[in-house]
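[1] Generate coordinates for the sequence data below:
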Amino acid sequence: MSDERKRLQRQTLLGFLTFFSVMSVIQAALNVVQPEPKMWPAVLALVLVTSTVIVWRRWK
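    From the prediction side, this is the model:
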């Protein structure tokens with residue numbers, strides 16, 4: 001694979017993870033104010049934010 005293609009794939013992956021990380025953090029924050037909060041939004045946010053940070057740090 002060319003360097004340009006690898007760079008574009010990394011940028012796409014990072015953008016995908018960042019978008020869904022932000023959305024899951026918002027969902028988890030909204031979940032906190034619910035009468036009976038669930039655990040899965042916080043776990044999903046943790047996994048996605050961790051994945052985003054790992055990809056970002058390996059790329060930089």
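[2] ok, which stretches of the chain are helices?
    3-32, 40-59 (DSSP state H).
[3] With mean pLDDT and mean neighbour count added, can I get these in JSON lines?
    For glycine as for every other residue, the C-beta is placed from the backbone atoms N, C-alpha and C. Converted to JSON lines, the helices of the chain look like this (pLDDT from 0 to 100; neighbours: other CB atoms under 10 Å):
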{"stretch": "helix 3-32", "mean pLDDT": "95", "mean neighbour count": "13"}
{"stretch": "helix 40-59", "mean pLDDT": "94", "mean neighbour count": "15"}
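[4] roughly how far apart are T18 and K38?
    Applying CB to CB, to the nearest Å, the value for T18 to K38 is 24 Å.
[5] ditto for R5
    40 Å.
[6] got it, and F20?
    18 Å.
[7] Please apply the same query to V22.
    19 Å.
[8] ok, residues contacting stretch 3-19?
    48, 51-52, 55-56, 59 (CB atoms under 8 Å, 6 or more residues apart in numbering).
[9] I'm done for today, thanks for sticking with me.
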